[in-house]
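Asker: Only the shape, not the letters, is given here:
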């Protein structure tokens, strides 16, 4: 029973933290400059790992899918599977996981370090709300940067899939493009982007929560950074599955 | 560029140390146990959702041309050959790799590694080699485990949520997922395990005393991110060689 109560307490604490973030995020004053600065740093840090992680996925889908589709003489249909899988599923999920690994852990580490050094308390003493100045910009930055990166990874994923299907796999370019444009609807793109906003927000939130919770020394900071990564990966896959089920139920 | 060169040299030294010095058996068992059992809970959760997703997500595509019955084949082959090994590697990187990097970086910063060198104990042999062996053994095991859990989850998703026929799904799996596919998955796990561990040790080893506690954080973060990226890229290369 104890662990159940413990888990419930954590969920409640995160929910309260989320409410706090929303409240401070919606009221003035806003630190737009700080938010933009963090966003810029995040883009610079994440763009290479995220691109490198998602691009091979499209290629692998083409590589494996082509064999399977060929068995039924459906290799022209490959691009519809590739497009839907990349746009709806793999690009959002994988981009968010890499953002969690790269940006989430560094945000948690930064907030945790500030906490350990007493800088958070110093901010509060100067009557700067630490939630407003430190946590909210991180959450907003993650929520904005993840979809932006997703646009890039969508293109990269489909392009690498194209390379493995058309020049290397021998699928006709016209058929590839036709099925891609016919089967992949704008809804797929928006669903992917919507997922990214959701995942990005949860990365920022968990990073902020775990960072603010840090007590003790350098080791606790490292632990928080590490926990952010593992916990957000679980959260992302869980949310992903729930969203997929809901979309399937709504017939989208 | 210099970092890559350094890494290649480190990997080479690690490989030599690994094969010239097989760690004592009990130590090896202990470390392998820590590496594998520590990640089982996380890996289970992730593979359950990944397996469910694989079913639910590809269902929409297959439904478009009435190919629902082939979902089992797709979920089985895609999962066993590609998804679960990569998944296990990324999770392993995020947990085991991060731990390795943090512990080595800690030793480096508190100058314990230099202390070993002074006592003419080769840190490559006594610190790096056992860890490499442990992860290289643990990850294929985790891959096999992920295969079981993942296919189970795909089955559950297909049968209980999408209402497909369970018998068709299982016969698809047993018809198309053959021994070589499983071996490829486990072989990938072997390679990824070694790569993740070498990358983690490299970043841990690179931390210097002047970096302080921050160096530990940087090493951990890089171990996770580089490990994941390299595994995903290598997955493509291996698949290309095997199936291209």
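Answerer: Yes, it's here. Values in this document were obtained by computation on a predicted structure and should not be read as measured data.

Asker: and residue B:23, what does it touch?
Answerer: Remark: with contacts taken as C-beta atoms under 8 Å, 6 or more residues apart in numbering or on different chains, residue B:23 is in contact with B:31, B:129-130, B:133. C-beta: built from backbone N, CA, C; applies to glycine.

Asker: Find the residue ranges of chain A scoring beneath the pLDDT cut-off.
Answerer: Filtered on pLDDT under 70, chain A yields the residue ranges A:251-252.

Asker: rerun at 90
Answerer: When residues are selected by pLDDT under 90, those of chain A lie in A:1-35, A:38, A:41-49, A:51-94, A:97-98, A:100-138, A:157-158, A:161-192, A:210-252.

Asker: quick revisit: farthest-separated two in the contacts of residue B:23?
Answerer: B:31 and B:129 (10.6 Å; C-beta to C-beta).

Asker: higher neighbour count, these two?
Answerer: More neighbours surround residue B:129 than the other of residue B:31 and residue B:129, with 24 against 20 (other C-beta atoms under 10 Å in any protein chain shown).

Asker: Pretty sure residue A:191 sits against residue A:88.
Answerer: Yes. Contact criterion C-beta atoms under 8 Å: residue A:191 and residue A:88 qualify, at 5.5 Å.

Asker: In terms of packing, which of those two has more residues around it?
Answerer: Between residue A:191 and residue A:88, residue A:88 has the larger neighbour count (other C-beta under 10 Å), namely 26 against 20.

Asker: Can you classify that one by secondary structure?
Answerer: What DSSP: H, G, I helix; E, B strand; the rest coil gives for residue A:88 is helix.

Asker: How about the one 5 residues further on?
Answerer: Counting by three-state DSSP, the backbone at residue A:93 sits in helix.

Asker: For it, which non-adjacent residue is closest in space?
Answerer: Once flanking residues are discounted, residue A:93 sits nearest to residue A:240: 5.3 Å by C-beta to C-beta, 6 or more residues apart in numbering or on different chains.

Asker: And for the one you found, the neighbour number?
Answerer: Residues within reach of residue A:240, counting by other C-beta under 10 Å, total 24.

Asker: Please verify my assumption that residue B:240 contacts residue A:64.
Answerer: No. Distance between residue B:240 and residue A:64: 10.7 Å, which falls outside the contact criterion (C-beta under 8 Å).

Asker: higher neighbour count, those two?
Answerer: Shown here are residue B:240 and residue A:64; by other C-beta under 10 Å, residue A:64 has more neighbours (19 against 15).

Asker: how many neighbours does residue B:2 have?
Answerer: Should you count by other C-beta under 10 Å, residue B:2 turns out to have 6 residues around it.

Asker: Got the phi and psi for it?
Answerer: Here is the backbone geometry of residue B:2 (degrees, to the nearest 10): phi -60, psi -40.

Asker: And the pLDDT for it?
Answerer: Per-residue pLDDT puts residue B:2 at 81.

Asker: Distance-wise, check it relative to residue B:8.
Answerer: In this structure, residue B:2 lies at 11 Å from residue B:8, with C-beta to C-beta, to the nearest Å as the measure.

Asker: Same check on residue B:223?
Answerer: When distances are taken as C-beta to C-beta, residue B:223 and residue B:8 turn out to be 17 Å apart.

Asker: which of the two has more neighbours?
Answerer: Neighbour totals were compared for residue B:223 and residue B:8, and residue B:223 leads with 29 against 11 (other C-beta under 10 Å).

Asker: which residues does residue 202 contact?
Answerer: No chain specified, so I'll use chain A. With C-beta under 8 Å, 6+ apart as the criterion, the residues that contact residue A:202 are A:232, A:235-236, A:239.

Asker: oops, chain B please
Answerer: Taking C-beta under 8 Å, 6+ apart as the definition, contacts of residue B:202 comprise B:6-7, B:10-11.

Asker: element containing it?
Answerer: Element membership of residue B:202 [criterion: DSSP states H and E] is helix B:179-206.

Asker: Quick check: what element follows that helix along the chain?
Answerer: For helix B:179-206, the following helix or strand on the C-terminal side (DSSP H and E) is helix B:212-243.

Asker: Give me the packing partners of that following helix, helices and strands only.
Answerer: Packed against helix B:212-243 by the contact rule (3 or more C-beta pairs under 8 Å, 6 or more residues apart in numbering or on different chains; DSSP states H and E) you find helix A:32-71, helix A:91-99, helix A:105-116, helix A:218-249, helix B:84-92, helix B:98-109, helix B:179-206.

Asker: Quick one: closest of those helices to residue B:52.
Answerer: Minimum separation from residue B:52 across the helices and strands packed on helix B:212-243 (C-beta to C-beta) falls at helix A:218-249, 5.4 Å.

Asker: In that closest one, which residues are buried?
Answerer: Of the residues in helix A:218-249, those buried by neighbour count under the rule 16 or more other C-beta atoms under 10 Å in any protein chain shown are A:218, A:220-233, A:235-237, A:239-241, A:243-245, A:247-248.
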